[in-house]
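Just need the structure, nothing else, for what follows:
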Amino acid sequence: QVQLVESGGGSVQIGGSLNLTCAASARLECMAWWRQSPGKEREAVAAIWRGGVKTYYDDALKGRATISQDNAKNSMYLQLNTLQPEDTAMYYCAARKFACGLHAQPQYWGQGTQVIVSA
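Down below sits the predicted model:
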């Protein structure tokens, strides 16, 4: 069983930045960030394949987020910039083997870290 632990969430003002971290107990080929806002379905927002061979971004975050991975630490990061109220959500770290992309259903999930963006 792979353990995923997120950190780095918090409350920020509009236009602010946050850097989310996911610490994994093992290395998997595909790691991703998903988010879920109140009343909405969970959605993938960014994914990374084999440490950065390929990255994927949802249009909602494209240009404002950077996903990265440190294989030596089994950690993954999501740098969020120019945050907007619509970015308010619980952000989840996710991982899976073999396939990757925003439509690849994760096999493992973290517990989430809350991001709140307000004026």
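
and Arg27, how many neighbours?
17 (other Cβ atoms under 10 Å). Yep, even glycine has a C-beta here, placed from its N, CA and C like the rest.

Check the one 5 residues further on too.
Counted with other Cβ under 10 Å, the neighbours of Ala32 add up to 25.

got it, and Ala72?
Applying other Cβ under 10 Å, I find that Ala72 has 8 neighbouring residues.

How about Ser118?
The burial count for Ser118: 11, using other Cβ under 10 Å.

you'd agree it is up against Gly15?
No. In this structure Ser118 lies outside contact range of Gly15 using Cβ atoms under 8 Å: 11.2 Å.

buried set for stretch 85-101?
Residues of stretch 85-101 classed as buried: Asp87, Thr88, Ala89, Met90, Tyr91, Tyr92, Cys93, Ala94, Ala95, Arg96, Cys100 (neighbour count, 16 or more other Cβ atoms under 10 Å).

With adjacent residues omitted, what lies nearest to the third one?
Excluding the flanking residues, the one nearest Ala89 by Cβ to Cβ, 6 or more residues apart in numbering is Arg35, at 3.9 Å.

One more: Ile67?
Spatial nearest neighbour of Ile67, chain neighbours left out: Ala46 (4.2 Å); criterion: Cβ to Cβ, 6+ apart.

That neighbour in helix, strand or coil?
Three-state call for Ala46 (DSSP: H, G, I helix; E, B strand; the rest coil): strand.

Equivalent analysis for the one 10 residues further on, please.
Look at Tyr56: counting by three-state DSSP, its state is strand.

So in terms of bridging, what pairs with it?
With DSSP bridges applied, Tyr56 shows beta-bridge pairing to Ala47.
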